[in-house]
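Peer 1: pasting the structure only:
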């Protein structure tokens, strides 16, 4: 009985927006699952609020709902679709939690929906701390001991009775971010830390836990089928020992430092745990800590679902865990599933590899001034890279160069300082270690400070002193084949390896005779360059394949769909550097290379590739240059008679002051040498500018400073258009909900625009056409406009795929990236069927921000992008769509309660209007001094409360005590310790919705009205766009 | 190279078909060595493999590139010495300072006189063997001419027809006390992990030289006769097969690996040489009685043929066929290449497996098999 015939319709839940800890890996796993279920003949219903995913492309499910991942919308979808089963294990913790909630509230039972792929009790046993402890101990294994203590005396007693051993970790109960915790190494220290912890805890309680900090950290990816057959797909070793979240750790696969005896012991334990927890079918991740001295093993945790680590393990071994998990969920056994890569063997085996995989996380601390850069058990990285090599050094060096850091790591001059930095895990740790070795520091000195296994330190030392070992070797391409060459590989998934010259020189790539096109991916996810670009690259690969050419993908991000071996005809898991890309081009001899879809990463290589005679498809390199060079682009606009804000470029601080006066305040200032809005700020005065120059940025010959006039109270507009060199199609016009000044990536936006007249829209279309034609765009172009005082200004133009391409594609029902790729391959717009660009529904995109992860960082939005992901809300009206987008982004707008308002003087007139509206809706109002006066002057009742400086109880006390349900605060300037900063930080900490612009506040009030009237309707993308095309046929 | 001892010398691997792979000698090869070149795909357990007597006369290519990461220790010995003649690695480590290490891997190889070469493009070498089949080869210093190296290789006897068990068997019986059943092993090169598994089950264990006669075996009054793993071609061990034939039907007989092949030959079945063998720790083997799949440790170059002499069995059923001692039933099947992995004799007490339930190195999935073997001992004594 392989495939289950008693179910026919399966509901799959995605993981929602990209957030820290839950990223593109769940698009990868979800896409695999969707493909498998459709191949198996099931009807698939998919729900995910994230439009930037491949899985939400309508072709990956029969019904695709871009709706908030909350019990309400899910219940309505279940009610409409009546699925037979729910598969909750492929959408991360979000999907698992949601499935639990739908079970707990009786929805699944009411509609007869069966949970497949994981059993409710098993989820509980894995996720509940206490249940997990009992399960693991019941299996005869060990978890770190822990006990709850309510007095110092109790701790001392437990210590003397041997119930508590040193060193121990003390965690106060109910404090956020681990405040008041610490490590007790001696009895005196323990008493001290416990006493501090008790004081910090509001309920006078601390958890005392066994310290495994410094132990080795290992993970095993396990799969089990209905016949109770279990395989270990991969072992992963964290080079950073226990204490750093595995998502923030540099890791390698397979484990390097375990003896066979110890590895087999971990393997046995992982198998015992998956059985004891009762995961009947599917994949799980089990984490262990191993005492390096004694070999003692403790079980840390288990995830009864696919995870970031399982995505890494799949890419590291070629064993597609999510795909297999989906097949297991519908009844297959491992032995009934063929291994794609060998085609000759079944999936009931354990991959064995003949290379080393290194994963290095990518951080974005520079985006969050004030945030603590120490790596802890709380994940902070925003992306990751993976590299494959035949030696550790080759693999590690590749991974390091795959990171594409924006700035060089700053290295202290004094070696003592360098060593001091090593004591705290940080995002630069391995750069510092390599530097320390270059300066002659000994392995033991680094070992003492980092607890990193000496094996890794020796390898790193050799890397630092002798290089990566590739010198004098020949670069060849090797296949990832799951079996260390025991069988022939059928799946062309390659990495470069440097070997001594010999019989292996020819490598393993058989590119055949068909023309190929190389697509350059977008590298690690980071803020400003996320999954949207991977989405575009995947579409490019699909299109190239459809055109009869071989699609060749180069990328180094293990989380993504683009690095699934199924996505392209040949996948090269390689860094996106000039040298690495040219080497692939040499082997592939492609018809052309596509650089337009992967964000800045491939664009940066465009010029160099062209200089090496590589043919780039689509928009010529010079057009990219033309759009990016302010002087040339300004001249182009002037030639076309198109307005743009005045600007200037300064090469010194003195010059900046002069130019500032010429351009006029307020000014948007930024250094020219950083991308993605880094260090961008708005200066309202000469003093602001001086402070900016003093604090962040130098201006000199090599680092010009860009100064743009900032248009206040402007409406910002984003346009995505397609062009073939002689014709232009404006595909989507989006209006930002926030005013200009908030980075477009962080601003909510609405399509179609809600407050632009047809005349302005036509001007936008015409202007877009003229710019696209003048630049010679072939493919996609994104133009940002500001409408100020009824006048259209061009802010910038990017002749490439933009972050909004997937959103627009889903809003209008046309795959823009695919169409762009067809244009780049030579088709004409006239020959392509294009959708009517005025959809009958309203789509809102909202950004999702990671402030909760960065205690201390200001939550105010500005010209520097800070969001990690996005969600989409679709409805027939703007307020409902906005409300959906807000709740999908995790900001639940209150339906009643109290609104706290504090705004700048310029915003006070608008704020009083909004206050009146909230009052009419029955909300109570709180405000500080000036704002309260303004509101009450309008005759609206408001309670005035203290600013922080005015003493307790002040605004932050109110937020902390749960007396505020919505904060409206427009910033008077960001920066540490201002009132606004404290208010926004408190709101973020306590999960209170916080709006920082007046238009956002207005939209929120309208959304509240809409959501109070009726629960929002749910519609699938297929219905929305199918209905529209039916209408256009009948009309 | 830090931690890897003396400076490396140039060296190369030559195969009998003339293929040459360059590297750096990291141990031994003061005198060149030759033997059958085989590859092992396990990612851990290098020391266990080199000390496994089944590798006697062979040169092991480790497909995992980093070998030596955790040094060596007494606990990882599978016999009292190294048996492989040479090891071929991509990136060898000494790692004498690893937490569990009692010595460095390369230091130990040197002390054991095992030739070792590192920096070799092992993947290309493995692909070559996979495509062309296992063949003889050798590890040589760079100074040696290819012609001379080739002469050395062809002077080495082929693995087919080689009796290597006699080179690793003990000269005198070895006895271990125990309160449980008396297991008498014919020691063709038994691994210590097997000894440990039997002793953990309280067996009294006697290991006899593989030249022992059936009478000598029976004289030990065994509850169970155990046929060990070991090196070489089972077809070259007719004297052992003869002994086994004299024991089958009289006492329960079980066997592992070479022991499996010997029992099968004793009951009249054929063995044949696999193209490049099974050596690794990830082969799926299905127990046809329970439907369960074990991930197994494997190390064999020969296999037992099916009922019609076929190498691969296109069945998932526990089919039976006639032997000289009644019916044999297919009990275990390799899901990689569908070769025979285990048999049960239905009319006389006997059961064998081709793979290594004792692990060392490799997964522990199949250790329960020792309990199954020992139930035969109990049944045998009942009869």
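Peer 2: Sure thing, it's come through. This structure is a prediction, so every number in the text was calculated from the model and none was measured.
Peer 1: For the rest of this, base every contact and every neighbour count on C-alpha atoms.
Peer 2: Will do.
Peer 1: How many residues are close by the residue in chain A that chain B sits nearest to?
Peer 2: Sorted by distance to chain B under C-alpha to the nearest C-alpha, the residues of chain A start with residue A:354, at 4.5 Å. By other C-alpha atoms under 10 Å in any protein chain shown, the residues close to residue A:354 number 29.
Peer 1: So stretch B:143-159, near chain A or not?
Peer 2: No - judged by C-alpha under 8 Å from any C-alpha of the partner chain, stretch B:143-159 and chain A are separated, with a smallest distance of 14.3 Å.
Peer 1: Quick one: end-to-end length of that stretch, please.
Peer 2: Terminal residues of stretch B:143-159 lie 28 Å apart, using C-alpha to C-alpha, to the nearest Å.
Peer 1: Please enumerate residues in contact with that stretch?
Peer 2: For stretch B:143-159, the external contacting residues (C-alpha atoms under 8 Å, 6 or more residues apart in numbering or on different chains) are B:11, B:14-16, B:18, B:33-36, B:136-138, B:140, B:232-233.
Peer 1: of these, buried ones?
Peer 2: Neighbour counting by 16 or more other C-alpha atoms under 10 Å in any protein chain shown classes B:11, B:14-16, B:33-36, B:136-138, B:140, B:232-233 among the contacts of stretch B:143-159 as buried.
Peer 1: Any chance of the residues you listed in TSV with pLDDT and secondary structure as columns?
Peer 2: Listed next are the buried ones among the contacts of stretch B:143-159 as TSV, based on pLDDT from 0 to 100; DSSP: H, G, I helix; E, B strand; the rest coil:
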residue	pLDDT	secondary structure
B:11	95	strand
B:14	98	strand
B:15	98	strand
B:16	96	coil
B:33	94	strand
B:34	96	strand
B:35	96	strand
B:36	96	strand
B:136	96	strand
B:137	97	strand
B:138	97	strand
B:140	95	strand
B:232	91	coil
B:233	93	coil
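Peer 1: Which residue is the nearest non-sequential neighbour of the residue of chain A closest to chain B?
Peer 2: Using C-alpha to C-alpha, 6 or more residues apart in numbering or on different chains and skipping residues adjacent in sequence, the residue nearest residue A:354 is residue B:64, 4.5 Å away.
Peer 1: Check what pLDDT that neighbour gets.
Peer 2: The confidence metric pLDDT takes the value 98 at residue B:64.
Peer 1: secondary structure class for it?
Peer 2: Following DSSP: H, G, I helix; E, B strand; the rest coil, we place residue B:64 in the coil state.
Peer 1: measure it to residue B:274 for me?
Peer 2: Shown here: residue B:64 relative to residue B:274, a distance of 22 Å by C-alpha to C-alpha.
Peer 1: So which of these two has more stuff around it?
Peer 2: Each of residue B:64 and residue B:274 has its neighbours counted (other C-alpha under 10 Å); residue B:64 has more, 27 against 16.
Peer 1: Wasn't residue B:26 part of a strand?
Peer 2: Yes - when the secondary structure is assigned by three-state DSSP, residue B:26 falls within a strand.
Peer 1: hang on, the earlier thing: just checking, the residue nearest to residue A:354 touches residue A:351?
Peer 2: No - if you go by C-alpha atoms under 8 Å, residue B:64 and residue A:351 don't touch, sitting 12.0 Å apart.
Peer 1: Helices of the stretch 51-200 of chain B, residue ranges please.
Peer 2: Applying DSSP state H, counting those that start in this stretch to the stretch 51-200 of chain B gives helices spanning B:105-112, B:122-132, B:146-155, B:165-168, B:192-200.
Peer 1: just to revisit the earlier point, which ones are touching the residue nearest to residue A:354?
Peer 2: Residues near residue B:64 by C-alpha under 8 Å, 6+ apart: A:353-355, A:484, B:41-43, B:89-90.
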